[in-house]
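*Asks:* with the input below, show me the fold.
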Amino acid sequence: RVKVIWSRQDREDHIEGLVVPAPNDDFSVDGWWRRRRAAEAVLHEYLGILVIYLGISELMR
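*Replies:* Residues are numbered from 1 along each chain as shown. As a prediction, this is how the structure comes out:
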């Protein structure tokens with residue numbers, strides 16, 4: 001989501017960022033859909049990206 005937000009901004013200073021996972025993150029790439037909390041986290045991220053693309057985010061105004 002950070003990449004989407006930053007790519008939509010008109011930045012003259014060309015800020016670069018690095019996104020790394022939390023060291024104790026227990027997110028299972030192979031079985032996230034089996035756990036409700038993990039599925040909610042994935043849904044939250046996709047909905048956040050959708051909000052940005054639809055232009056209904058306060059961050060993008």
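
*Asks:* elements contacting the lowest-mean-pLDDT helix or strand in the chain?
*Replies:* Of all helical and strand segments in the chain, the minimum by mean pLDDT, DSSP states H and E falls on helix 2-8, at a mean of 72. Judged by 3 or more C-beta pairs under 8 Å, 6 or more residues apart in numbering; DSSP states H and E, the packing partners of helix 2-8 are helix 36-54. Quick note: C-beta positions are derived from backbone N, CA and C, even for glycine.

*Asks:* so how far is the helix it packs on from its chain's centroid?
*Replies:* The chain centre lies 7 Å from the centre of helix 36-54; the measure is C-alpha atoms, centre = their mean, to the nearest Å.

*Asks:* quick check: buried residues in it?
*Replies:* Under the neighbour-count criterion of 16 or more other C-beta atoms under 10 Å, helix 36-54 has 38, 52 buried.

*Asks:* again, but for stretch 27-38
*Replies:* Within stretch 27-38, the residues that count as buried by 16+ other C-beta under 10 Å are Ala38.

*Asks:* what's the neighbour count on Ile5?
*Replies:* 14 (other C-beta atoms under 10 Å).

*Asks:* quick one: it from Asp30, how far?
*Replies:* 28 Å (C-beta to C-beta, to the nearest Å).

*Asks:* just Pro23 next, same as before
*Replies:* Distance from Pro23 to Asp30, by C-beta to C-beta: 19 Å.

*Asks:* now for Ala39: which residues touch it?
*Replies:* Ala39 makes contact with 32-33 under the criterion C-beta atoms under 8 Å, 6 or more residues apart in numbering.

*Asks:* repeat that for Val19.
*Replies:* With C-beta under 8 Å, 6+ apart, Val19 has these contacts: 2-3.

*Asks:* could you look up the SS state of it?
*Replies:* coil (DSSP: H, G, I helix; E, B strand; the rest coil).

*Asks:* so where is this structure shaky, pLDDT-wise?
*Replies:* Applying pLDDT under 70 to the chain flags the ranges 8-13, 15, 59-61.

*Asks:* one more pass at 90, please.
*Replies:* Residue ranges of the chain with pLDDT under 90: 1-33, 35, 37-38, 41-42, 45, 48-61.
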